[in-house]
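Undergrad: sequence first, then the predicted structure, then my questions.
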Amino acid sequence: MPTSYLMAASASSKREKNRTQMLRKLSFETRIVIGSTIFAFASSVFLYFIPPSQIDRNLRGPFIPYFGYAYLKVVKYPIARMSEARLYEDDKPLGASDSNLPDIIEKGNGLYKVYINAGDTTPILMFSSSDNTDPNTNGRKYRLE
């Protein structure tokens, strides 16, 4: 046999071997992509059927003493309209929701306000209990809706 024929056959064999390896590699990568896509789709379907959890709107202490009768609490859940937020003490609504901060400090009696400081992103609740006692120790439950 001529050497040129052997060299051509050897080159052809190498090309075929490289093509086979490339197809195997491509096949493996394709399987990874298909498997990942199926997993993502199945996960999405699974999460779709899980009911959304309810936001716990109960406020838990410690409430930070401010001045006078005022206490502060950072609100850790979204509030659509802060001026319309309602504060409850043992399921009874407290006073005016958009009170002036000095009135909350000086008068108390269940006044409160939800506001955001300049540069902050989380709402803050400044409030006083209905009888001006310390909300950390008066045994009452507070809820903001």
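TA: The structure has been received and is ready for your questions. Just so we're clear, the structure is a prediction, and the values are computed from it rather than from any experiment.
Undergrad: so how far is residue 39 from residue 45?
TA: 11 Å (CB to CB, to the nearest Å). From N, CA and C alone the C-beta is placed, and that goes for glycine too.
Undergrad: same check on residue 63?
TA: For residue 63, the distance to residue 39 equals 45 Å [CB to CB].
Undergrad: same check on residue 122?
TA: Taking CB to CB, one finds residue 122 at 35 Å from residue 39.
Undergrad: okay, now the domains of the chain?
TA: 1-52, 58-144 (automatic domain parsing).
Undergrad: how about those domains in JSON lines, adding mean neighbour count and mean pLDDT?
TA: As requested, those are exported to JSON lines (neighbours: other CB atoms under 10 Å; pLDDT from 0 to 100):
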{"stretch": "domain 1-52", "mean neighbour count": "9", "mean pLDDT": "73"}
{"stretch": "domain 58-144", "mean neighbour count": "15", "mean pLDDT": "85"}
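Undergrad: right, and residue 110 touches residue 129 too?
TA: Yes. Using CB atoms under 8 Å, residue 110 is in contact with residue 129, at 6.8 Å.
Undergrad: identify the contacts common to the two.
TA: Common contact partners of residue 110 and residue 129 (CB atoms under 8 Å, 6 or more residues apart in numbering): residue 89.
Undergrad: just confirm residue 137 is within a helix.
TA: No. Read with DSSP: H, G, I helix; E, B strand; the rest coil, residue 137 is coil and lies in no helix.
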